[in-house]
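>>> no sequence on this one, just coordinates:
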DNA sequence: TGGTTGTCGAGACTGCTAGTCTTGTCAAGC
DNA sequence: GCTTGACAAGACTAGCAGTCTCGACAACCA
């Protein structure tokens, strides 16, 4: 965002309420609320905040991202940030989900082993794309201190966990998993390894690892 | 620690350098250093700090423990804390390791499956003892922000990882694991699931889970 | 046109915390 | 008695989240 050019207010654009529902709920007390008066919300500022947050998340190498930095980078007052998001964590998560395609659907090749291999490999790969990785790491660190953000992140990851659980469930129905297999535990083995290695960085999260993990979950590691 | 009774200095006790090596290294420049003069270190204050830290860690329900609180609880000046430990994280970790018996040796029953079951069950159980659990959780949260503490924790957990790896290695030598089994990945599945569930608390870490996890690592989850 | 409402950028302000620095005290040894 | 270094107390700095205030200004209404 340039500092020489004054901010272009695009109030003539139609409102895009999908981003504002959390913040404007106190303004929507009932259906008989009087129509909006006053200056319209500046969509450009809104985008600039999300962009700045994502940019800083991606750049910061683990160092926490401050609200001051976001506001300054976006060329925006801090109050404008807090008008639309309840906390720093909410801004960060919104910035990240804004980028991520939220509709996760597991692959369905007809075989559990290949489905699982693909799912795990995709998960590992998506998280490590350079734009995302640093952002996700910073977000996880922030979530450790901010219970509100932790809760938001759990609903965010729940989508992916569900997709994996359904993939496993299909396999179990086909008899590829034991009838009493603990699907929740398998899900946690995948995401446990993922987060553990992702945050500590002591082991690889490459396609070969994904394949070994998927195979081990199905057939184990026993010798002949 | 009572505030009516003046602190009992026990300077006549021999120094116990195992706790002080980090802080006094600058005083041990060479073998020809002149002998110690000045007031002796107060061992009672040292213990009081560790006890206060452990007490606060155990009590705090996720809320961060402050240095001020530790010093006040111990009846000690903040500077006394920083004289002996380089950072807050170091105090917290020291307080926890002081309690934990560091010599971890995996069981050796002669069978991988039973060894692994026992190791996992013990790990789950030890971490969830009420005194330890809250402390460990708080410590992990602090480590998310404090790289120095994160490093200390990694060396702390390395002992346990090694014990598990050796347990697996013995099993592999007996042919109970495939010759090409990725031991490091198995270790990470155990500790990944552990930390994931321990920190998020969305699933159980009970003996039944330990048994299922251990079995799944050996023989997998495939149906008949 | 002028009044009301609500957003805007800017930045001062509060409250909290980690870590440093200062001060006056006191014990150990020379 | 002098030096050295630990001690408790607490002032102080710096960084950050979140709140509050201000003057400007845009949208809508009468």
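Noted; the coordinates are in hand. It should be emphasised that the depicted structure is a prediction, and the values quoted were computed from it without experimental measurement.

>>> who touches the closest residue in space to residue A:112 that isn't next to it in sequence in this structure?
Among residues not flanking residue A:112 along the chain, residue A:171 sits closest, at 3.1 Å (Cβ to Cβ, 6 or more residues apart in numbering or on different chains). For the C-beta atoms, the positions are set from N, CA and C on the backbone; glycine is no exception. Neighbour list for residue A:171: A:112, A:115, A:116, A:177 [criterion: Cβ atoms under 8 Å, 6 or more residues apart in numbering or on different chains].

>>> go again using 10 Å as the cut-off
A:110-113, A:115-116, A:177, A:181, A:183, A:186, A:218, B:221-223 (Cβ atoms under 10 Å, 6 or more residues apart in numbering or on different chains).

>>> swap in residue A:79?
Here residue A:79 is in contact with residue A:71 (Cβ under 10 Å, 6+ apart).

>>> What are the buried residues along whatever helix or strand it lives in?
If you go by DSSP states H and E, residue A:79 is part of helix A:78-84. Going by neighbour count (16 or more other Cβ atoms under 10 Å in any protein chain shown), the buried part of helix A:78-84 is A:80, A:81, A:82, A:84.

>>> Is that helix in proximity to DNA strand D?
Yes: judged by Cβ under 7 Å from any atom of the strand, helix A:78-84 comes into contact with DNA strand D at A:78, A:79, A:82.

>>> Mind telling me what element residue A:53 is part of?
helix A:43-59.

>>> So for residue A:122, what's the nearest residue that isn't a sequence neighbour?
Residue A:122 sits nearest to residue A:107 (Cβ to Cβ, 6+ apart), 7.9 Å away.

>>> An error on my part: the question was meant for residue A:220.
Nearest one to residue A:220, counting by Cβ to Cβ, 6+ apart, is residue B:220 at 3.0 Å.

>>> try residue A:128
Looking at residue A:128 with Cβ to Cβ, 6+ apart, the closest residue is residue A:205, at 6.1 Å.

>>> Could you report the pLDDT at residue A:94?
Listed pLDDT for residue A:94 reads 92.

>>> That one touches residue A:49, doesn't it?
Yes: the pair residue A:94 / residue A:49 is scored as a contact, 9.0 Å apart, by Cβ atoms under 10 Å.

>>> Contact partners for residue A:108?
A:114, A:115, A:118, A:166, A:167, A:170.

>>> Can you report how many residues neighbour residue A:162?
Residue A:162: 13 surrounding residues under other Cβ atoms under 10 Å in any protein chain shown.

>>> all strands of chain A, in order?
Applying DSSP state E to chain A gives no strands.

>>> Just the helices from it, written as ranges.
A:21-24, A:43-59, A:67-74, A:78-84, A:88-99, A:112-128, A:130-145, A:147-173, A:183-200, A:207-219 (DSSP state H).

>>> Need those helices in a markdown table (columns: distance to residue B:74).
As requested, those are exported to a markdown table (distance: least, Cβ to Cβ, whole Å):
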| stretch | distance to residue B:74 |
| --- | --- |
| helix A:21-24 | 43 |
| helix A:43-59 | 39 |
| helix A:67-74 | 34 |
| helix A:78-84 | 38 |
| helix A:88-99 | 33 |
| helix A:112-128 | 42 |
| helix A:130-145 | 24 |
| helix A:147-173 | 28 |
| helix A:183-200 | 32 |
| helix A:207-219 | 46 |
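
>>> So for residue B:133, which of those helices sits nearest?
Nearest of the helices of chain A to residue B:133, taken as Cβ to Cβ: helix A:130-145 at 16.1 Å.

>>> And the average pLDDT for that closest one is what?
Averaged over helix A:130-145, pLDDT sits at 85.

>>> Ok, stretch A:216-224 next?
According to the model, stretch A:216-224 has a mean pLDDT of 91.

>>> So for that stretch, first residue to last residue, what's the gap.
Counting by Cα to Cα, to the nearest Å, you get 14 Å between the two ends of stretch A:216-224.

>>> Identify each buried residue in it, please.
A:216, A:217, A:218, A:220, A:221, A:222.

>>> center of chain A - which residue?
The residue lying closest to the centre of chain A (Cα atoms, centre = their mean) is residue A:97, at 4.5 Å.

>>> just to revisit the earlier point, tell me which residues touch the residue nearest to residue A:220, please.
A:177, A:178, A:181, A:186, A:215, A:216, A:217, A:218, A:219, A:220, A:221, A:222.

>>> Could you rerun that using 7 Å?
A:216, A:217, A:218, A:219, A:220 (Cβ atoms under 7 Å, 6 or more residues apart in numbering or on different chains).

>>> just so I know, which of the helices of chain A lies nearest residue B:152?
helix A:183-200 (13.1 Å).

>>> Just the buried ones from the contacts of residue A:171, in ChimeraX syntax?
To isolate the buried members of those in ChimeraX, using 16+ other Cβ under 10 Å:
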select /A:112,113,115,116,177,181,183,186,218 /B:221,222
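
>>> Now distance to DNA strand C too, for the contacts of residue A:171, in CSV please.
Below are these laid out as CSV (distance: Cβ to the nearest atom of the strand, whole Å):
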residue, distance to DNA strand C
A:110, 50
A:111, 51
A:112, 47
A:113, 48
A:115, 45
A:116, 43
A:177, 46
A:181, 44
A:183, 40
A:186, 38
A:218, 45
B:221, 43
B:222, 49
B:223, 51
